[in-house]
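S.K.: Generate a structure from the sequence data that follows.
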Amino acid sequence: MSIIFEGCAHAPLRAFTATAPSGFVIGVVGDDGAGKEILLRLASGTLAPEAGTVTATAPHRHHGPFDEVVIGKAQTLSLYHTLALKDGLARAQAAIELELFRRRGGTALLVSHEPDVIQWLADEVWWIEGGLLAARGDPREVLDRYRHHMAARLRSRAGGTQIPLTPAMRRGDGRARIVSLETLDGEGVPTATWRAGEAAGIRVTVRFEREVEDPVIGILIRTRIGFEVYGTNTELEKVKIGPCRAGQTIQATFSFVCHLCPHEYTLTAASHDPDGVWHDWVEDGIAFTVCDGRYTAGVACLRATVSCVETEPPE
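M.R.: Next up is the predicted model:
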């Protein structure tokens with residue numbers, strides 16, 4: 001009841017060779033266009049390879065994103081994003097059906113963009129890259145490698161970009177104006193994505209419309225639901241930037257290592273007097289994303305190390 005691919009080619013797959021054993025659920029991950037859907041259609045017999053062979057035990061069943069999970073007497077099962085639109089109850093029921101299917105020796109291929117779903121249901125994970133098998137094995141290990149790959153690609157694509165928002169609120173007495181708000185990578189290049197554990201920065205550019213004796217420039221990071229994560233300002237960091245004359249522009253750069261968990265965040269910035277009177281306050285001025293090569297819960301990415309020792313049981 002296994003699924004055997006021998007030198008299968010059907011664009012974008014090329015010379016794909018792998019065996020999915022009986023009684024296994026294989027999670028399939030990869031970038032869009034890598035060949036995941038083609039692989040599942042070859043396994044289900046709804047598509048024939050242009051070269052090579054596919055051997056899969058009948059009857060076959062193929063489910064797409066909008067299909068219910070109905071296994072019946074199938075021995076080969078293909079689930080292409082079938083759980084994506086299902087609620088928790090439907091997913092739990094599908095997990096039960098898959099367990100029964102697995103126990104009677106059936107073989108399934110499961111595609112999902114949700115690593116947690118893959119890790120929950122799969123016995124093994126195949127990572128497809130460029131039409132070939134880039135890695136296969138233990139779900140946790142392969143998914144960690146794939147997360148690192150995705151984080152690197154996201155960082156690469158986000159370089160030089162920003163995500164401006166319509167500020168939720170802008171207020172102040174007009175003595176200064178925030179003219180630019182940027183998130184930076186470790187090289188000081190604007191980016192919409194930070195990677196956990198790497199150098200990052202925030203650059204605030206302020207133009208003073210009138211003379212200000214002792215201005216303070218500050219930042220505040222929030223989650224997308226408004227939870228305050230981190231804030232600081234030039235006064236707290238003991239950096240004096242005044243007095244500033246009318247027409248003068250000051251660029252304040254806050255540099256640090258990103259110790260945030262993968263989430264979406266917003267950035268607020270302000271120029272104000274030491275007593276809190278605002279010159280300009282830009283609420284949720286831009287959005288940015290933090291990515292990582294592994295799963296981490298919460299907001300603070302503390303990068304804990306673990307040590308374990310054997311102890312005597314309590315009496």
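
S.K.: SS state for E97?
M.R.: Following DSSP: H, G, I helix; E, B strand; the rest coil, E97 is assigned to helix.

S.K.: tell me the contacts of it?
M.R.: Counting by C-beta atoms under 8 Å, 6 or more residues apart in numbering, E97 makes contact with V69, I71. All C-beta spots, glycine's among them, are computed from the backbone N, C-alpha and C.

S.K.: again, but for the one 5 residues further on
M.R.: Contacts were defined as C-beta under 8 Å, 6+ apart; by that measure R102 touches G23, F24, V25, A108, D123.

S.K.: Now do the SS call for it.
M.R.: helix.

S.K.: where does it land on pLDDT?
M.R.: If you check R102, the pLDDT there is 94.

S.K.: again, but for A58
M.R.: So A58 comes in at 92 (pLDDT).

S.K.: mind checking how far it is from T76?
M.R.: Noted for A58: a distance of 7 Å to T76, by C-beta to C-beta, to the nearest Å.

S.K.: For A176, list each beta-bridge partner.
M.R.: F208 (DSSP bridges).

S.K.: Pretty sure it sits against E211.
M.R.: No: between A176 and E211 there is no contact under C-beta atoms under 8 Å: 10.2 Å.

S.K.: So which of the two has more stuff around it?
M.R.: A176 (26 against 14; other C-beta atoms under 10 Å).

S.K.: contacting residues for that one?
M.R.: V206, R207, F208, E209, R210, V212, P215, C244, S271, H279, D280.

S.K.: Mind doing that once more with 10 Å?
M.R.: Residues in contact with A176, defined by C-beta atoms under 10 Å, 6 or more residues apart in numbering, are 206-210, 212, 215, 217, 244, 246, 248-250, 270-272, 278-280.

S.K.: now the helices: where do they sit in the stretch 101-250 of the chain?
M.R.: 115-121, 139-158 (DSSP state H, counting those that start in this stretch).
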